[in-house]
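**Student:** Could you look at this predicted model? Sequence included:
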Amino acid sequence: MIGRPLPSEIELLPLSRRDAAIRLIRRDGTAIEVEAWTAAWRGGTVTILADNSRSAGREEEIRKLMEREQEALAQVRAERRFRELLEAAPDAIIEVDQDGCILTINAATEKSFGYGREELLGQSVEVLVPDRVRANHRGYRADYRARPATRPMGSGLELHGRRKNGSAFPVEISLSPVKSEEGFRVTAVIRDITERKESKGRLQAIQEKYTRELELRNQEIERANRHKSEFLANMSHELRHSGSRSCRRIRSLRTPHL
């Protein structure tokens, strides 16, 4: 290096200036980015060069780490928001794996079925199915896995859930397949329709009562009309009979006695 001219990139630097954008070529032909400081010294110029490649590498590594951290924070916020929405849902929501094992539930599930969260996680979904249909439920799950689609379960059928105390209650169930790295998943949205059934029953009872009252009223009207018709028929008969007697009496009065 002694006695050789400086690279033009350094020689052209003004005094007392730091420039971090200098690119030099090593002896092996590879490029290197440096920071350079120049100053007058003993009638000449002194230049200090600092290899910036390692620093740039560390900065790039730090940048990537910060990006990954931001992505992780965004994922955590998304998962937290999903959990908030899940817990706020009015219907029971359950996620099961391909074997029917319960993976996720929300607060409405606990309220509807009477179980605690820890009591259900890891259990077979059949624990929420009434005893009378439990034996066939595994077959239903297998059929759904063979033809997965977002659709209501048991369309046209009356479905029931089973509470922890063994009691059954009417439900509507919507099924959705879920793509997951862990394998096949199914999300079930379960709506307790007990109040709707009771309201429908009360409405039907009112309609039946009204229908019975209407039938009784129609029967009374028909009976009254029948009595009216009979009364008018009797009156007409009496009037004709009375008129006939009057005519005979009048004729008898007009006939002279011999």
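**Tutor:** Done, it's in. Every value quoted in this text rests on a predicted model; they were computed, and no experiment measured them.

**Student:** C-alpha only now, for contacts and for neighbours.
**Tutor:** Fine.

**Student:** how distant is the host helix or strand of residue 140 from the center of its chain?
**Tutor:** Using DSSP states H and E, residue 140 maps to helix 131-146. Distance of helix 131-146 from the chain centroid (CA atoms, centre = their mean, to the nearest Å) equals 22 Å.

**Student:** Which stretches in the stretch 1-150 of the chain count as strands?
**Tutor:** Applying DSSP state E, counting those that start in this stretch to the stretch 1-150 of the chain gives strands spanning 18-25, 31-41, 44-51, 92-97, 102-105.

**Student:** Averaged pLDDT, the longest one. What do you get?
**Tutor:** Okay, so that is strand 31-41. Per-residue pLDDT over strand 31-41 has a mean of 79.

**Student:** Run me through the strand neighbours of it, direction for each.
**Tutor:** Counting by DSSP bridges, the strands paired with strand 31-41 are strand 18-25 (antiparallel), strand 44-51 (antiparallel).

**Student:** if we can go back for a sec, quickly compare the strands of the stretch 1-150 of the chain and say which is most buried.
**Tutor:** strand 92-97 (a mean of 22; mean count of other CA atoms under 10 Å).

**Student:** Using CSV, write down the CA coordinates of that one.
**Tutor:** The C-alpha coordinates for strand 92-97 follow below in CSV (Å, rounded to 0.1, in the frame of the first residue of the first chain):
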residue,chain,number,x,y,z
ALA,A,92,-72.2,-21.4,21.1
ILE,A,93,-69.2,-21.8,18.8
ILE,A,94,-67.1,-25.0,18.9
GLU,A,95,-64.1,-26.1,16.8
VAL,A,96,-63.3,-29.8,16.6
ASP,A,97,-60.5,-31.7,14.8
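
**Student:** Take the strands of the stretch 1-150 of the chain and write them to JSON lines, including distance to residue 77.
**Tutor:** Formatted as JSON lines, the strands of the stretch 1-150 of the chain follow (distance: least, CA to CA, whole Å):
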{"stretch": "strand 18-25", "distance to residue 77": "39"}
{"stretch": "strand 31-41", "distance to residue 77": "39"}
{"stretch": "strand 44-51", "distance to residue 77": "40"}
{"stretch": "strand 92-97", "distance to residue 77": "21"}
{"stretch": "strand 102-105", "distance to residue 77": "18"}
